[in-house]
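**Student:** Task: produce atomic coordinates for the following.
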Amino acid sequence: MDSTSLIQHLKNTYWSVVDFTAIAKNRNQIVKVISSILAIIIVALLVIMLWWDRTPNAFNPFEVATEMSNARQQTVVTGYTSTATLITLSNALLHKPGGYLSNDVMPPSIWMDNVPNWEFGVLVQIRDFSRSLRNDISRSQSQSLEDPDLSIAEPQFNFNSESWLFPPTEREYQKGVKALESYLTRLSNPDNDDAQFYARADNLAAWLAIVEKRLGSLSQRLSASVGQIRINTDLAGDPNANQSTPTPAEVVTKTPWTQIDDVFYEARGSAWALIHLLKAVEHDFADILQKKNALISLRQIIRELEASQESVWSPIILNGSGFGLLANHSLVMASYVSRANAAIIDLRSLLSQG
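**Tutor:** Model (predicted):
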């Protein structure tokens, strides 16, 4: 190889090494940039998740009703507070931090299962009260006509809670809110007597019967976090009773470990909504409750449910067994729910007395 060829070969080798080094440096820089972007995205998602994980603040139903009536220049009549509370709960469900998350299909919502379960607990109470409002409280008797606005609101809140598109759930629930607002406007108009709210003992007892069953079911599901062998009492008390298919004398119930936190937060959301509805009922049904000497019983129910809203300091819902070393948050929640359920049974008994 002559000197000219050798020099050219050395030049080519040198530039090849330089090119490889440059490529390696560029690749390292690209990896660093991508890693930084991913880290920023992860931190941003975590911050958003922490923000969206916050539940709405508690509110005073009577104060909210008063502010709403002043803003709309309406008169606070019997039933105004309960209806305004139902509207406020619905708006809180739709417009809380992050909005309504149960039907979201994008991150970070799809990773936040606790919030959708909390939302469903609130939604169940909204559905139950709107149904009772439509079928009982707004009607003087079984043969009377149902309110046109409530006949729209009640089925709207029963729309699929997880519909993402065509149509989205939020749009359907917003239609229900607008129907409730229309009913509230008519209810507060002294010149319009076709919208009514009958604060009677039987109407209140009818709604409490639904609440009683909801709390009873939640209590059983919460208690099943540790697994139980229960005696089948489905036909107890009636020797002539029958059922469609036979069931074992002893039933084993246990909540799957993946659903323990789901049940807990559903109960927590349901209790949160019930606290506000019961406080509204305390105002609208005050005369009936005082006459039946049942006001203290109602306040005790509210007190039990308020205890279920204490802060959860553990990052996860613990599921200790029985009297073990670890706490069992589900059993603590079940205790509050069960006591509230028992107090509702007593309250219904008081309301049924002449």
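**Student:** So, low pLDDT: which residues of the stretch 201-350 of the chain?
**Tutor:** Within the stretch 201-350 of the chain, the stretches with pLDDT under 70 are 229-240, 249-252, 322.
**Student:** could you pull out the strands for it?
**Tutor:** With strands called from DSSP state E, counting those that start in this stretch, the stretch 201-350 of the chain shows them at 228-231, 250-253.
**Student:** which residues sit against stretch 297-312?
**Tutor:** 58, 267-268, 271-272, 274-275, 278-279, 281-282, 289, 329, 333, 336-337, 339-340, 343-344, 346-347, 350 (CB atoms under 8 Å, 6 or more residues apart in numbering). For glycine as for every other residue, the C-beta is placed from the backbone atoms N, C-alpha and C.
**Student:** Are any of those buried, and if so which?
**Tutor:** With burial judged by 16 or more other CB atoms under 10 Å, the buried subset of the contacts of stretch 297-312 is 267-268, 271-272, 274-275, 278-279, 281-282, 289, 329, 333, 336-337, 339-340, 343-344, 347, 350.
**Student:** Can you flag which of these belong to helices?
**Tutor:** Mapping the buried ones among the contacts of stretch 297-312 onto helices (DSSP state H) picks out 267-268, 271-272, 274-275, 278-279, 281-282, 289, 329, 333, 336-337, 339-340, 343-344, 347, 350.
**Student:** Which segments of this structure make up each domain?
**Tutor:** Residue ranges for each domain of the chain read 1-52, 57-236+245-352, as given by automatic domain parsing.
**Student:** which of the ones you listed is buried the deepest?
**Tutor:** domain 57-236+245-352 (a mean of 17; mean count of other CB atoms under 10 Å).
**Student:** what's the span of that one from first residue to last?
**Tutor:** This stretch, domain 57-236+245-352, spans 35 Å end to end (CA to CA, to the nearest Å).
**Student:** quick one: it to chain centroid distance?
**Tutor:** Relative to its parent chain, domain 57-236+245-352 has a centroid offset of 8 Å by CA atoms, centre = their mean, to the nearest Å.
**Student:** likewise stretch 47-59?
**Tutor:** Distance, stretch centre to chain centre, for stretch 47-59: 13 Å (CA atoms, centre = their mean).
**Student:** Need the contact partners of that stretch.
**Tutor:** 88, 92, 96-98, 101, 108-109, 111-112, 114-115, 118, 269, 272, 275-276, 309.
**Student:** same thing but at 6 Å, please
**Tutor:** 92, 96-98, 108 (CB atoms under 6 Å, 6 or more residues apart in numbering).
**Student:** again with stretch 91-109
**Tutor:** Taking CB under 6 Å, 6+ apart as the rule, stretch 91-109 contacts 45, 48-49, 51-52, 54, 56, 115-116, 119, 122, 161-164, 169-170.
**Student:** any chance you could map the helices in this structure?
**Tutor:** Counting by DSSP H, the helices of the chain are 3-52, 61-72, 80-95, 114-132, 150-157, 169-187, 201-223, 260-284, 286-291, 295-307, 329-352.
**Student:** any idea of the mean pLDDT in stretch 164-184?
**Tutor:** Stretch 164-184 shows an average pLDDT of 96 in the prediction.
**Student:** actually stretch 117-125, not the one I wrote
**Tutor:** Average pLDDT, stretch 117-125: 97.
**Student:** Now do that stretch: everything it contacts.
**Tutor:** By CB under 6 Å, 6+ apart, stretch 117-125 touches 93, 102, 161, 262, 265-266, 269-270, 273-274.
**Student:** Make CSV from those and add distance to Pro155 to it.
**Tutor:** Below are the contacts of stretch 117-125 laid out as CSV (distance: CB to CB, whole Å):
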residue, distance to Pro155
Leu93, 17
Ser102, 18
Ser161, 13
Asp262, 26
Tyr265, 26
Glu266, 22
Gly269, 22
Ser270, 21
Ala273, 19
Leu274, 22
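**Student:** Of these, which is the nearest to Arg214?
**Tutor:** Ser270 (6.6 Å; CB to CB).
**Student:** With Asn70 as the reference, measure out to the closest residue to the closest one other than its chain neighbours.
**Tutor:** Distance criterion CB to CB, 6 or more residues apart in numbering; nearest residue to Ser270, sequence neighbours excluded, is Gly121 at 3.6 Å. Separation of Gly121 from Asn70 (CB to CB, to the nearest Å): 31 Å.
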